[in-house]
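> need the 3D shape of this:
(chains A, B, C and D)
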Protein chains: 2
Amino acid sequence: MARLDADIGLAASANDDLRLPAGTGTLGKAMAVVEAIAAAERPLRFRDLAARIDQPKATLHRQIANLIEEGLVELRGDQTYGLGLRLLKLAARSWGTSQFRLIAEPHLRRLHALTGETVHLGVLRGVEVIYVDKVESQQAVRMHSQIGNASPVYCTGVGKAALSTLADGDVHALMQKISFVRHTPHTLTDADALTRELADIRREGVSYDREEHEPGIHCVAAPIHSVDRRLAAGISVTAPVYRISRAQLEDWREAVVGAADAIMEDMEMRMGPRS
Amino acid sequence: MARLDADIGLAASANDDLRLPAGTGTLGKAMAVVEAIAAAERPLRFRDLAARIDQPKATLHRQIANLIEEGLVELRGDQTYGLGLRLLKLAARSWGTSQFRLIAEPHLRRLHALTGETVHLGVLRGVEVIYVDKVESQQAVRMHSQIGNASPVYCTGVGKAALSTLADGDVHALMQKISFVRHTPHTLTDADALTRELADIRREGVSYDREEHEPGIHCVAAPIHSVDRRLAAGISVTAPVYRISRAQLEDWREAVVGAADAIMEDMEMRMGPRS
DNA sequence: CCAATGTGTTCCACTATTTGGAACGCTGTT
DNA sequence: AACAGCGTTCCAAATAGTGGAACACATTGG
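Numbering: from 1, shown residues only, chains lettered A, B, ... in the order given. Sure, this is the predicted structure:
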């Protein structure tokens, strides 16, 4: 059958850390440039890019020219580069037609109806979790963002849940690439601590984020094992500590796990029996 | 100064209609594949792609393999291809840091507060308008989508507004590429009609969508001329006919134009004086 | 005022990468 | 069993990307 590994993006994200080549030849180099532009907070100019990319000026210049021509990158303010509109368009299309998201959506809503708190659906990609969907109460400050946003695996509920679905080998490989950053006093800051917690998560079937990413925010999450192991994902209910107690969070445990299981079932229904 | 034309995406979108090569070499071919996958409604299999791409099987196969490796495309259900997660991540980053959007946002909110109806911010890209931001009342069915969504230029308020900011030459070039599709009885279905309406829009400074895209929906829009002519954009207030009369819509005209002008001013403030 | 430095851009011979015809190995069909 | 359709791999040939060097414009400073 189909080789063409996706490998849950383990290898895929080899250059998430914007290093040079990949096994992808020209395309890889082009994407490295895109990633460099995406990674920068302050707008970059040509020389800035040249500094982070380590390629001859001439080469880089042409690569950028191509990226601009393709609408993946844009030249603005007549000196700085930003990501292009084509990405927005493609992402919208991707989001709108993602089978996984479509199947999961009703379950997210149900979970939100039950808890009244924000529900997230996240997928593992390299050493990050990417949020693919979200249902939240009223958004005082709306953030269409969040969807598509990336968070670290090691300090988020979905992140740890997703990790727990991987084989030990894959987990170890990933661990090497994680750079642990302490975000709060509760953040797990090394591979050992994380490994130990993963064991718990595998046994219990739930993971918690106990204010490990943002102070004052905690969550319950459950892993979603995809049928074909091509996807490592998780679902979570997030809430501020001041409103939702640790005990309350644990009471939602069953609901969250239930939702995750329901999503898996629906996936098997609609993808399993030979489509 | 900087060549590296962006050209408002006129040339950029040369292969919006998923034709073969571009002047972009390898990258262009890769993006053609991505675009083909994005364009399809029903999931495509390898042979489907091979049919629409016109490249030798072997070549296409390797291209796809690279795209998968890079996370731009994903192989799912073990036979069909979809767009990859990396696009979501990049788009989110792009959206979150877009200067244009950030500057425009407060004005969109003000306009929404005034009218109570949905406000859109759209940018011209090739023969389409891409919605870059949106403020809406209560979303019964939420659609984070819409943002990033593409609509035709010739039958939307923002589309026509954006067109009106272009030089005649560019407009003509674009017209050639538009394939006019009648969406409602009021849709403009040929270049002549559109050209005539553009003259009105240039004179009046507003454009209307009089149920030209969707029956029962109309809108007022105003063009945003970007300082450096690198961007052709527009802003609009959209409402259902049953609730908002044509007259009411025209009463908002000044507000919409005002908001568009305010956005331009803010842009000049923050980009003009040598940053 | 004219060198000197720091940008961004173009040229073109060299070479690494992409190319695609052909052959292979599946799975399902007649 | 032979056949047909799909997906996958190989490798010589050719194309497309590379990058050192030189150019054109700013801006700086001696």
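> distance of A:His61 from chain B?
Counting by Cβ to the nearest Cβ, to the nearest Å, the separation of A:His61 from chain B is 8 Å. Where C-beta positions appear, they are placed from N, C-alpha and C, glycine not excepted.
> spell out which parts of chain A neighbour DNA strand C.
A:1, A:24-27, A:45-47, A:50, A:57-58, A:61-62, A:79 (Cβ under 7 Å from any atom of the strand).
> so what secondary structure elements neighbour the helix or strand harbouring A:Ala38?
Element membership of A:Ala38 [criterion: DSSP states H and E] is helix A:25-39. Packing contacts for helix A:25-39, counted by 3 or more Cβ pairs under 8 Å, 6 or more residues apart in numbering or on different chains; DSSP states H and E, involve helix A:46-53, helix A:57-69, strand A:73-76, strand A:80-83, helix B:25-39, helix B:57-69, helix B:85-97.
> report the mean per-residue pLDDT for it.
Averaging pLDDT along helix A:25-39 yields 92.
> CA atoms only for it, dumped as CSV, please.
Taking C-alpha atoms only, helix A:25-39 is exported to CSV below (Å, rounded to 0.1, in the frame of the first residue of the first chain):
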residue,chain,number,x,y,z
GLY,A,25,15.5,19.5,-1.9
THR,A,26,14.3,22.8,-3.4
LEU,A,27,10.9,22.7,-1.7
GLY,A,28,12.5,22.2,1.7
LYS,A,29,14.7,25.2,1.3
ALA,A,30,11.8,27.3,0.2
MET,A,31,9.8,26.3,3.2
ALA,A,32,12.7,27.0,5.5
VAL,A,33,12.5,30.6,4.3
VAL,A,34,8.8,30.7,4.9
GLU,A,35,9.2,29.2,8.4
ALA,A,36,11.9,31.8,9.2
ILE,A,37,9.6,34.6,8.2
ALA,A,38,6.8,33.0,10.2
ALA,A,39,9.0,32.5,13.3
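> so how far is that helix off the chain centroid?
19 Å (Cα atoms, centre = their mean, to the nearest Å).
> same thing with stretch A:105-119?
That offset, for stretch A:105-119, works out to 20 Å (Cα atoms, centre = their mean).
> before we move on, what about stretch A:187-207?
Centroid separation for stretch A:187-207 versus its chain: 18 Å, with Cα atoms, centre = their mean.
> low pLDDT regions in the stretch 101-250 of chain A?
Applying pLDDT under 70 to the stretch 101-250 of chain A picks out residues A:138-145, A:227-228.
> what segments of it are strands?
Along the stretch 101-250 of chain A, counting by DSSP state E, counting those that start in this stretch, strands occupy A:118-125, A:128-135, A:150-152, A:207-210, A:217-225, A:232-240.
> dump those to TSV, plus distance to B:Glu250 and mean neighbour count.
Listed next are the strands of the stretch 101-250 of chain A as TSV, based on distance: least, Cβ to Cβ, whole Å; neighbours: other Cβ atoms under 10 Å in any protein chain shown:
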stretch	distance to B:Glu250	mean neighbour count
strand A:118-125	40	26
strand A:128-135	38	23
strand A:150-152	45	20
strand A:207-210	52	23
strand A:217-225	47	25
strand A:232-240	45	25
